[in-house]
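1. build the 3D model from these lines:
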Amino acid sequence: MKPLVTLHEVYKSFHHLPVLEGIVCDVKEGEVVSLVGPSGCGKSTLLRLMSGVETPDRGQVERRFRRVGFVFQEPRLLPWRAALENVTLVLLDTVLDRDRREAQARDLLARVGLGGFETYYPAQLSGGMCQRVAIARALAVEPDFFLLDEPFAGLDFALRMRMIEFLRRLLDEEARTAVYVTHDVREALALGDRLVLLSARPAQVRHIFDLRGQPRDGWQLGAGLRQIEAEVMTALLAD
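-> Next up, the predicted model:
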């Protein structure tokens with residue numbers, strides 16, 4: 001698998017406050033990378049550097065993708081527009097025909113399990129449903145690189161579990177490359193092919209764990225993943 005993003009000795013500061021220090025990692029085509037670290041260590045900054053929104057102070061970020069899709073902690077839907085309209089908005093510049101835009105948006109909503117909810121407004125949808133609309137909106141730009149910044153942090157535990165399982169299936173079916181930022185180690189292990197563990201700020205890559213081939217069934221982790229979970233938790237508590 002070729003890397004879609006490679007970071008070479010990346011440094012980043014804000015107002016003379018060092019945030020990232022010598023970051024070296026990559027994201028390979030078709031894999032899901034979970035990004036874990038202490039609160040405030042720079043995980044979201046690293047996502048912005050990967051996407052091209054931010055530039056490093058030192059080092060280099062190589063990008064080999066065309067389009068990026070972002071999903072944030074909050075769905076960021078327009079409350080005065082129905083689910084279908086929230087998705088068609090991002091198609092206005094690329095799909096000029098209105099009927100075609102709506103057909104694409106309906107298909108995307110169906111793919112995230114919201115067929116039949118096209119005319120519902122955000123206030124009429126649950127938190128998990130709103131995040132599915134946000135995921136459909138991100139898919140609408142046809143990204144080859146998907147960035148998710150703690151998208152389920154505001155949901156209760158049971159709903160978060162269901163959404164992680166839904167997202168894992170979706171990413172597998174769509175063969176998407178993704179980076180998933182979370183503060184929840186179990187989420188990271190349930191979703192990722194690799195786990196990148198960052199240290200406290202200024203963040204460095206403490207360790208990269210390969211999760212592929214480890215037995216797991218949703219949130220039920222095999223012995224190997226439970227051992228990795230213990231190592232990650234020990235490192236986070238040490239910071």
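2. contacts and neighbour counts: CA atoms only from here.
-> Will do.
3. count of neighbours near the closest residue to residue 83 other than its chain neighbours?
-> Leaving out its chain neighbours, the residue that sits closest to residue 83 by Cα to Cα, 6 or more residues apart in numbering is residue 118, at 5.1 Å. Residues near residue 118, counting by other Cα atoms under 10 Å, number 19.
4. swap in residue 157?
-> A total of 11 residues lie near residue 157 under the criterion other Cα under 10 Å.
5. what do you get for the one 5 residues further on?
-> Using other Cα under 10 Å, residue 162 has 14 other residues around it.
6. that one: what secondary structure?
-> Going by DSSP: H, G, I helix; E, B strand; the rest coil, the secondary structure assigned to residue 162 is helix.
7. mind listing the strands the least confident helix or strand in the chain by mean pLDDT pairs with, and their directions?
-> One helix or strand of the chain scores below all others by mean pLDDT, DSSP states H and E: strand 216-217, with a mean of 78. Its sheet considered, strand 216-217 pairs with strand 220-221 (antiparallel) by DSSP bridges.
8. and the residue nearest the centre of the chain?
-> residue 148 (1.9 Å; Cα atoms, centre = their mean).
9. how much space separates it from residue 109?
-> Note on residue 148: its distance to residue 109, by Cα to Cα, to the nearest Å, is 18 Å.
10. residue ranges with poor pLDDT in the chain?
-> Applying pLDDT under 70 to the chain picks out residues 95-96, 218.
11. just the helices in it please.
-> Along the chain, the stretches classed as helices by DSSP state H are 43-51, 83-88, 98-111, 127-140, 157-174, 185-191, 223-238.
12. now those helices as JSON lines including distance to residue 200?
-> Converted to JSON lines, those look like this (distance: least, Cα to Cα, whole Å):
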{"stretch": "helix 43-51", "distance to residue 200": "10"}
{"stretch": "helix 83-88", "distance to residue 200": "37"}
{"stretch": "helix 98-111", "distance to residue 200": "38"}
{"stretch": "helix 127-140", "distance to residue 200": "29"}
{"stretch": "helix 157-174", "distance to residue 200": "25"}
{"stretch": "helix 185-191", "distance to residue 200": "16"}
{"stretch": "helix 223-238", "distance to residue 200": "8"}
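13. just those helices: most buried one?
-> For the helices of the chain, the largest average neighbour count (mean count of other Cα atoms under 10 Å) is found in helix 83-88, namely a mean of 25.
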